[in-house]
Each structure stands twice: as C-alpha cells, then as structure tokens.
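A.B. asks: the sequence isn't on hand, but the structure is:
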C-alpha cells in the first residue's frame, strides 16, 4: 500500500479506497453469516429448525479465523511484509491450538469428576440413612464439591 | 554462464540485507516492537478466553448466549444477538476508517489523516458507549454481578407454580410478604406487598414467576406476578431469576424427582463464574479500546500540528497506532465468538 511505482495520487487513493471498501464488505458479510448461523442454529429464525452444535461451532470458528486472517494480512498489512517477519508472528499462535484442546478437555474432566463424586455421595447418603454420622459426612462432601 | 549469473544475483541481494542501513525484516524498530507487543497481548487474551472455555466446559449448566443477550437500548426485547452485532459492525467500520487514515498517511496527506482518525475516534467512542449500556443492563437491570449470576438453564423438566400450589406440596412453609418499591406505568412510585413462601429450616424463599417489569411498569399487565405461573419448561430451557435493587426473587416450580415423587423447588442461581468472566474479559477488551482511543487522539493532535511531517516516513506513527486499533478489532472477533456465538 506504499507508493507503487507509476500510480498517480488519485489512482493510488482510488486503489486504497477499493481495498477499504472490499475489506469492509467481506468482514461485514462474514459477521452476518456467523450471526445467521447462530440464530438459525438455535431455532430463532426458522420455526422448529435447529442445527446440531457439532456443525455450528466448527463453521463459526472457521469464519472467525478467516476474519482474523483478513484483518492481519490485509488491514494490518502483514501479508505485504517480509515473510520471515510474518512467520515470527503467526507461527507462535499455533501453540494456542494445543492450549485450547488441552484446557477444554481439562474442563470436561472436572465436570465428569464432580458429577461422579456427587452421585457417589448421594447414593451413599441413601444407603446409610440410619447412620447419622456418615450421612452428615456424605452431605458435607456433596456440598463442598457442588459449584453454584 | 546462466548458472553464474543466478548465483551472483543471490549474493548481491543477501549483501543488501547485511550491509547495514536496513532494519531487521526491513521494518522500523517501532513497527516491529508494536507487532511483538501485539503478539504478547494476543497470548494474554488467549489465556483469559481459554480460562473461560475451561470453566464453561466444567459446568453442567451454562447461560445460553442468545437468551442472555437479547435486549437492546430503547426497550428492545426478544432480539437475540442484535445489539452485539451492531457493536461488531461499529468496530469493523472504525477499523476501515483507521485503514484509510494509514493510507492517507502514506501519501503524506495531513488533512486526510486527521479526517479519517476523527472518524475512527467516533466509532470507538460509540462502541464504548454501547458496551457501557450492555454492562449497566446486565448489572443493574438483570442482576449479574461478580458473585451472583441469575441466568441459567434448567437441569430438569418442571412447571412454575402459584403460591397456593407450592404450599400444597410443602405445608410447612410460612406465608410472608415483603415490601417492594414499584414505579407504576403512570410514573407514580408506590410500595407494594409482594407475597412469598419461606422455608425457615433451609432459609429459602419461594416466589411466583414474574419478570423485572413488575418493578418498572409499562402497562397495567406488568402489575401481575402470575405472568408465568403454570408454564412448563424442559431440561435445557434458559431462565432468568428476577432481580431488583439487590434482591433476587427465585420462582417456585414443581418437578418429578428420581423416586417419581413431585417435589417443590426454587429456581437455582446460575454458575457463579459467569459474571466475573464476562465483566473481566469484556472489561479488559474495553480497556484496550479506551487506551486505543487515547493513543489515537494523541497521534491525531500530533498529526494536526505537523509533528510527523519532518520525519518523511509516510506518517509511520499513524500506521503503528493503526496496528493497535486493528488488534483491538481482532480481539473483539474472538471475544464475540466465545461469549456470544458459541
């Protein structure tokens, strides 16, 4: 976007404006697409029609990553910089792929563990209904692990 | 011969890069350092969003975004995600105006830079104003705080009850009333007695299901508390515990428990971490918008005074602050995705 050889000021400005307009339209319509998927998929726009999350979520993530690529490469001009510089910024972001997978897996594990402990504590409560002391212990246990 | 020429060209290019007078990656110090700061900031935001993901995945029930975010200023209701889409549109527009400012700066057009920077400042200001409205609505109208979250989804099928039906299920409950201040639809302030049931042993209150419009009425219909009693709901349906001025009013409902007995319950509050996560992450982003606006203002004033003209570098300072502003838009893309879409 710096001064390209041979373009007059008016021509350069026209080229610049078209980059801006094109970018605006692309970003706006991709955003509308994401919101439309969210609204249609959750049943708000078409009566009785819903999409499973397994389809909605990857599509919305892919559209957001496309928006990110467009903003970084064309608005922030990284696509026109020396390739080595672009790589020194983009490559570390790939570490986040594993970070996201690992922590979502972790969160799911916490939920499964807590549900298991609560279920065990509740069933122990029912079994030993006559033993007041262990009932209190089971109640305390299920109270401490229940998150509000 | 052709082979030698090819090698010669290669060596000359390399020598150009290593002979000095050239920044690393052909970028100026300021621009390179802004990029690496943005990279580190991206990891900070990623850390917060990943924490949000982990905590959300660890909960059985989580507020559904298109239920929580369905209001707009000037009384809009039942309009899921519309207001936040408008906010995203405003930020995209401000990113494009920032781009135009940078382009005019490359052509050393001082007036063009100022015009487009002012447009960017206005866009950013509108975004912050919208975010402030969103925060006020969540905190003061709907009752989301960093300790309490009245939004949740049901974990079971059930039916909202009148107080009489609730007492029939649990006769040991005491009937009480509480004084609440009400803004009538004619503008008058009155105090009304709101009836409820109280379980002294567990310190739980049971109310009938109604909305916050009971306290700020727009029509005579808002005066009834039985707005939703008798309504059945299914597991997974979203609900909002009514809130007004520091007090929550959990509704009584009946459900069939695992022993096939009908049980009386009060609406449970939603996962506590929702409020903290939402306000902290959108607040951190909003802080970046604010600091971006301050920097844009300073650079605009400097441009206006002709401060960058002698540098003859295509107003590179405008480009550097433009990078920061585009980064703010980029982070919003992912905050929007995580909190509102998924």
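C.D. replies: Arrived safely, thanks for sending. No experiment lies behind these values; they were computed from the predicted model shown.
A.B. asks: give me the three-state assignment for the closest residue to residue B:224 other than its chain neighbours.
C.D. replies: Excluding the flanking residues, the one nearest residue B:224 by Cβ to Cβ, 6 or more residues apart in numbering or on different chains is residue B:210, at 7.3 Å. Where you see a C-beta, it was placed from the backbone N, CA and C, and this is true even at glycine. Three-state assignment for residue B:210 (DSSP: H, G, I helix; E, B strand; the rest coil): coil.
A.B. asks: what is the neighbour count of residue A:47?
C.D. replies: Per other Cβ atoms under 10 Å in any protein chain shown, the neighbour tally for residue A:47 reads 6.
A.B. asks: my guess is residue A:60 contacts residue A:35. True?
C.D. replies: No - Residue A:60 is beyond contact range of residue A:35, at 9.3 Å (criterion: Cβ atoms under 8 Å).
A.B. asks: identify the contacts common to these two.
C.D. replies: Residues touching both residue A:60 and residue A:35 (Cβ atoms under 8 Å, 6 or more residues apart in numbering or on different chains): residue B:341.
A.B. asks: contacting residues for residue A:33?
C.D. replies: residue A:63.
A.B. asks: wait, residue B:219 touches residue B:185, no?
C.D. replies: Yes - between residue B:219 and residue B:185 there is a contact under Cβ under 8 Å: 5.4 Å.
A.B. asks: who's more crowded, the two?
C.D. replies: residue B:185 (15 against 8).
A.B. asks: spatially nearest residue to that one, not counting backbone neighbours?
C.D. replies: Per Cβ to Cβ, 6+ apart, closest to residue B:185 is residue B:217, 4.2 Å.
A.B. asks: buried residues in stretch B:235-250, which are they?
C.D. replies: B:238-244, B:248-250 (16 or more other Cβ atoms under 10 Å in any protein chain shown).
A.B. asks: my error: substitute stretch A:107-125 in the last question.
C.D. replies: A:107, A:111, A:114, A:118, A:121, A:124-125.
A.B. asks: what do you get for stretch A:16-34?
C.D. replies: Buried, per 16+ other Cβ under 10 Å, within stretch A:16-34: A:16, A:19-20, A:23-24, A:27-28, A:30-31, A:34.
A.B. asks: next, format these as TSV and append secondary structure.
C.D. replies: Formatted as TSV, these follow (three-state DSSP):
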residue	secondary structure
A:16	helix
A:19	helix
A:20	helix
A:23	helix
A:24	helix
A:27	helix
A:28	helix
A:30	helix
A:31	helix
A:34	helix
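A.B. asks: need the pLDDT of residue 122.
C.D. replies: No chain specified, so I'll use chain A. Note for residue A:122: predicted pLDDT of 84.
A.B. asks: hm, I was asking about chain B
C.D. replies: 98.
A.B. asks: okay, buried residues for stretch A:70-84 please.
C.D. replies: A:70-72, A:74-78, A:81.
A.B. asks: tell me the confidence at residue B:25?
C.D. replies: Residue B:25 is given a pLDDT of 87.
A.B. asks: and it, what is it in contact with?
C.D. replies: A:81-82, A:84-85, A:88, B:32.
A.B. asks: what's the answer for residue B:133, then?
C.D. replies: Contacts of residue B:133 by Cβ under 8 Å, 6+ apart are residue B:73.
A.B. asks: what distance do you get for it to residue A:9?
C.D. replies: 42 Å (Cβ to Cβ, to the nearest Å).
A.B. asks: before we move on, the earlier item: for the residue nearest to residue B:224, give me phi and psi.
C.D. replies: phi -150, psi 170 (degrees, to the nearest 10).
A.B. asks: and for the closest residue to chain A within the stretch 51-200 of chain B, nearest residue in space, chain neighbours not counted?
C.D. replies: Nearest residue of the stretch 51-200 of chain B to chain A (Cβ to the nearest Cβ) works out as residue B:57 at 3.1 Å. With sequence-adjacent residues excluded and distances taken as Cβ to Cβ, 6+ apart, residue B:57 is closest to residue A:107, at 3.1 Å.
A.B. asks: give me the pLDDT for residue A:6.
C.D. replies: In this prediction, residue A:6 has a pLDDT value of 67.
A.B. asks: tell me where the stretch 51-200 of chain B has strands.
C.D. replies: Using DSSP state E, counting those that start in this stretch, the strands assigned to the stretch 51-200 of chain B run over residues B:151-153, B:158-160, B:174-183, B:189-199.
A.B. asks: got the contact list for the last one?
C.D. replies: Counting by Cβ under 8 Å, 6+ apart, strand B:189-199 makes contact with B:163, B:166-167, B:170, B:172-184, B:204-207, B:225, B:249, B:252, all of which sit outside it.
A.B. asks: pick out the residue of chain A closest to chain B.
C.D. replies: For chain A, Cβ to the nearest Cβ, closest residue to chain B: residue A:107, 3.1 Å.
A.B. asks: from what I can see that residue touches residue B:56, true?
C.D. replies: Yes - counting by Cβ under 8 Å, residue A:107 touches residue B:56, with 6.9 Å between them.
A.B. asks: still on that earlier bit, quick one: pLDDT of the residue of the stretch 51-200 of chain B closest to chain A?
C.D. replies: Residue B:57 is given a pLDDT of 93.
A.B. asks: thanks a lot, see you next time.
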